[in-house]
Structure formats: C-alpha cells, structure tokens
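J.: Here is a sequence with its predicted model. Questions after.
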Amino acid sequence: MDCNLDRAVSARSPSSRLYETGADLQQMYGLLMEARLRTNDWRYWHVGELAFTFFMIDCHLDPRRHVRLWHDGDKLVGYATLNDDPFFDWQVLPEYEGKGVEAEALAWAEALVAELRGEDAERWKGPMVVGTRQDNAERIAFLEQHGFQRREYVEVNMLRSLSEEALPREALPPLALPSGFHVRSLAGDASEVSDRAAAHREVWHPWTVGDVTNEQYARFMRMPGYDRDLDVVAVAPDGTIAAYVNGWLDPVNKIGDFGPVGAREAYRRQGLTRAVLFECLRRMKARGMDRVCVSTGEGNVAARGLYESVGFRIVNRYVEYARTS
C-alpha cells in the first residue's frame, strides 16, 4: 500500500447498496486503515471506533438497514452509518471526496430518519447529529452548506507514544493493586462473559451504550477485530470484574485504541482502571503498536486526568453538528 493521494478514480459513479455480511465490515475496517495511512491520524475513525459503533447498531437496530456502502467495482470507497439519537456518520476514501458520495449518504440518512420517525416518532424525534474533527474544513463546510449547526459538545482526542524512547520496556512495571486483586485477560467461560456484560451495563447505565445483554456481549466477542487478549479486566478477590478496557489494533498504521473503559462504582479510585490501561499498553506494544489513542468528553475532568496519568496528551478535538429538520 503506497501513500500516493493522486490515485486514479473510475469515470463511473460508485454504486451503493445496504450492508449484507461480515465481509462488508472487514472492508469497512480496511477503508479506514487505508485512508488513515494516506491522510492523518484524526480525519478518519480508528477501526476500534467503527467496531463499537457497529456493535451498537447490531444490538439495537439492524446493520442491513442502518449501514450503506459505496463501491467502485469491487473496491469499497465509502460507507455511512445511522445509529440511535439519530447519529449519522460517513467515511470516504480521499480521492472520492467531494464527488457525490457524501451527498448521497446524507440523502440516504435523511430518508431513513423520515421512515423511522414514521414508525416511532418518540424514539427518533431528536435532531440528526454528525461529528467531525475540528480541523476537517471540508467536512465542516459540507455540513454547514446542508444546514447543520455547531453544538456545544466537544471530545478531546488523546495520544500516547509507545516508542522505545517514550516507553522503554522497563517503564511499565506492574502496578501495586489492592490486596487480592489481579489484572488479566477476560476469561472465555459463560459466567465471566456475563459478569463482563454486567460491568459494562453498570458503568454506562442509563445511556444506550450500556444497554447490552449477556448474549449480545458474547456476540460482540465474535466480531471481526475483537481480541480477548485486549479485553483486559481487573478482578476482585471474589472474582467480580471491577474495571476493564477494550483494546483495538490498527496493524497498518500501528496505532491502538482504547474504548470503552470503565470501573464499577464500588471499585473506583483504587487505581484499578489505571492498572488495566497500563496492562493493555504493554500488550499493544508487544503486538507492534507504536502509539495508542483514546477519546473522552472535554468536560470529563476525571477521565482526562486518568488518561494523562498514563501518558496521554490532547492532540485534537472532535465536535458535533446538528440539524433539527
């Protein structure tokens, strides 16, 4: 894979269709990794962000209705997703930007939202929301041209180097944990998977992201991109999962991603979340990653402090635009 941005684009317009199978999700991952390699770290989602977004659609909606793909021949050149709230996103390879895919994606999302409001007006009554990095001038211009306005919500994008200079092997000694606690990979047995799902629900309740059943979490573990070795948990003496992090890898760009991250309320402020983050950093470094990213709300002082304590620094910001009609 080269980094030449002046690639030839077919004279024909890309064709579009709805999502069909797991092979489509693999192509979506590939698009993000290729596009990130050829642009920069923050213009395109990390594959981990897509993985969890897709999981939410799979849990609460239907990917075969809420995900659309654009192909030029056999090559995936763009995709769009519509999640709850309704939250809309699109991603397009650089050489296809501004050539109509974005407008088609927005028209598709608008039509789908209209259908959904007809089926359940209360659930889909909110404004359509789209996110963008603050420095993506083309995307912002497109949104403003189509009546979207900036909202107050801001996330910070944070990055931590795993280079030998920034993170020598001896720089991550095991952290001292409360007596009887230990950090390890999630076990694969049904009882622990159920507790892992319960921990996720407890941390994220009452938001939609926390509405995950035991069976859905087990299905999540079978998704492309999920790695149980990077589902790192801190376990209490009685076996309860106290804190956790999901780790994701982009092997093309050698960048990892954290998310979701959390600790049950009864186990907070004991260094457990910090411990699972450090352990996941070790594992990502062993897998060849040279940096790791994570995002959190700009106003979430506790989370920002946690990530800064393990070496993350703010490198960009993510903002939201919304349109009421």
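T.: Nice, I can see it.
J.: Just the strands from the stretch 1-150 of the chain, written as ranges.
T.: Taking DSSP state E, counting those that start in this stretch, the strands of the stretch 1-150 of the chain run over residues 15-18, 67-72, 75-83, 87-92, 128-133, 149-161.
J.: Now the element after whichever helix or strand residue 306 is part of, going C-ward?
T.: Taking DSSP states H and E as the definition, residue 306 sits inside helix 301-309. If you walk from helix 301-309 toward the C-terminus, the next helix or strand you reach (DSSP H and E) is strand 313-323.
J.: Please spell out which residues along that next one are buried.
T.: By neighbour count, and taking 16 or more other CB atoms under 10 Å as the criterion, the buried residues in strand 313-323 are 316, 317, 318, 319, 320, 321, 322, 323. C-beta: built from backbone N, CA, C; applies to glycine.
J.: before we move on, the earlier item: can I get the helix holding residue 306 as CSV, trimmed to CA atoms?
T.: Backbone C-alpha positions of helix 301-309 (Å, rounded to 0.1, in the frame of the first residue of the first chain) are rendered in CSV as follows:
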residue,chain,number,x,y,z
VAL,A,301,-12.2,16.0,34.1
ALA,A,302,-11.8,12.6,35.9
ALA,A,303,-11.3,10.7,32.6
ARG,A,304,-8.9,13.3,31.2
GLY,A,305,-6.9,13.1,34.4
LEU,A,306,-6.8,9.3,34.3
TYR,A,307,-5.5,9.3,30.7
GLU,A,308,-3.0,12.0,31.4
SER,A,309,-1.7,9.9,34.3
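J.: Make 22 the starting number, not 1.
T.: All right, first residue 22 from here; so that's helix 322-330.
J.: quick one: that helix to strand 334-344, angle?
T.: Helix 322-330 runs at 140 degrees relative to strand 334-344, counting by axes from the mean of the first three to the mean of the last three CA atoms, to 10 degrees.
J.: residue contacts, the nearest residue to residue 275 once chain neighbours are set aside?
T.: In space, residue 275 comes closest to residue 311 once its chain neighbours are excluded; the distance is 4.6 Å by CB to CB, 6 or more residues apart in numbering. Taking CB atoms under 8 Å, 6 or more residues apart in numbering as the criterion, residue 311 is in contact with 182, 183, 184, 275, 276.
J.: Next up, phi/psi of the fourth one, please.
T.: Same thing as residue 275. The phi and psi values for residue 275, taken as degrees, to the nearest 10, are phi 60, psi 40.
J.: got the contact list for it?
T.: For residue 275, the residues meeting the contact criterion (CB under 8 Å, 6+ apart) are 309, 310, 311, 312.
J.: those helices in the chain, which residues are they?
T.: Read by DSSP state H, the chain holds these helices, from start to end of the chain: 43-59, 68-81, 84-87, 122-140, 158-166, 211-225, 235-241, 293-307, 322-330.
J.: Turn those into CSV, including mean pLDDT.
T.: Conversion of those to CSV gives the following (pLDDT from 0 to 100):
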stretch, mean pLDDT
helix 43-59, 97
helix 68-81, 96
helix 84-87, 98
helix 122-140, 98
helix 158-166, 96
helix 211-225, 96
helix 235-241, 97
helix 293-307, 95
helix 322-330, 95
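J.: who wins for proximity to residue 257 among these?
T.: The stretch from the helices of the chain with the least distance to residue 257 (CB to CB) is helix 293-307; that distance is 8.8 Å.
J.: And the buried residues of strand 334-344, which is closest to residue 159?
T.: residue 342 (13.4 Å).
J.: and the closest one, what does it touch?
T.: Counting by CB under 8 Å, 6+ apart, the residues that residue 342 touches are 150, 151, 152, 153, 161, 164, 165, 169, 170, 171, 172.
J.: Show me how the chain divides into domains.
T.: In the assignment given by automatic domain parsing, the structural domains of the chain cover 36-147, 184-310.
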